[in-house]
Structure formats: C-alpha cells, structure tokens
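**Student:** Prediction below, plus the sequence it came from.
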Amino acid sequence: MSGSIDDLIPSAAHIREEAARKEAEKAAEYASLAAAAQAEKNALVEQLSRPSGKTEDEKVQLAATVIQRAVRNGLTEVQVYRFPNSMCTDNGRAINQQEEGWEKTLTGIPKEIFQLWSDYLKPRGYHIRYQIIDFPGGMPGDIAITISWSN
C-alpha cells in the first residue's frame, strides 16, 4: 500500500464535517435563490398593483382581440388574467367566500379589468368571474379572471 491509511481514508469525524459544510453551502445557496425569487415576485406584484398606464381605447382593443381569438378557437370563455391573492386588500378572502362587494378588494390591473368589464362588456352581455384557482398549504393562492359570453 502506498501512503498511510490516514491519507487514504479520512476519519469519520472529518467526513461528517465535510458533509456538514457541503449541506451548509447548499442551504445558503437555496436561501439566496429563494430570497432573489421572492424579491422578484414582490417587485412584480408592486408593478401589477399600479394602474397599467394604458388608455381606455387600448384596453378595449386588447379585450376585443382576446375575445375574438377565443371565439375563433370555439371557446365560450377565456381566462384573461391570473394574479397572486396578495393583490387583493384582504388576500382574496372575499372572493373565496363570494361575499357581496368583493370587487372593492381589488387593486391595480385586476381592478382595471373589473372596471373595463363593468363599463364596456357587462352592458353587452358578458360575464366575469374572479376565482381562487389554487390553494397552496390549504390557503387561497392565485386568482383567475375569466370572461364568458355564454348563458
């Protein structure tokens, strides 16, 4: 055997220390990635919580385009937006409970979509639905906005 046994096989204590160091590095990397992802999500929610800056004409044109595309594909409804529950002032509780006045909890773009529907689509017979579509950890998560035109 060339070299000593200590050079070939480190002690169990040394191996445990090395494994613990590697685990700590992985945990630190994971924490860093998670923090970066959360910061990115927070920035996106902040951006979406503000008005879009689009004119009424641009909003109406976008709605018409989305609806016409869905109709061409044989659909009777289309999901037009998905957003985190944190964009509601009550984190989606009123939507989940289907409480009267739930629309007052909306902010930013989800609020703009509701107003666009109320002003232009509702008078033309369109329906709108805000619905919790996932429940991570048993709690309300993302909310989908669906526009429909069937009875």
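**Tutor:** Cool, got the structure.
**Student:** Near Asp57, how many other residues are there?
**Tutor:** 8 (other C-beta atoms under 10 Å). For the C-beta atoms, the positions are set from N, CA and C on the backbone; glycine is no exception.
**Student:** same check, this time on Ala27
**Tutor:** 10.
**Student:** next SSE after the helix ranked longest in the chain?
**Tutor:** Counting residues, the longest helix in the chain under DSSP state H turns out to be helix 12-48. Next along the chain after helix 12-48, taking DSSP states H and E as the criterion, comes helix 56-72.
**Student:** For the next helix or strand after that following helix, buried residues please.
**Tutor:** Per DSSP H and E, the first helix or strand lying C-terminal to helix 56-72 is strand 77-83. Using 16 or more other C-beta atoms under 10 Å as the test for burial, strand 77-83 gives Glu77, Val78, Val80, Tyr81, Phe83.
**Student:** about what we covered before: could you give the separation of the longest helix of the chain from the chain centroid?
**Tutor:** Remark: helix 12-48 is offset 22 Å from the chain centroid, using C-alpha atoms, centre = their mean, to the nearest Å.
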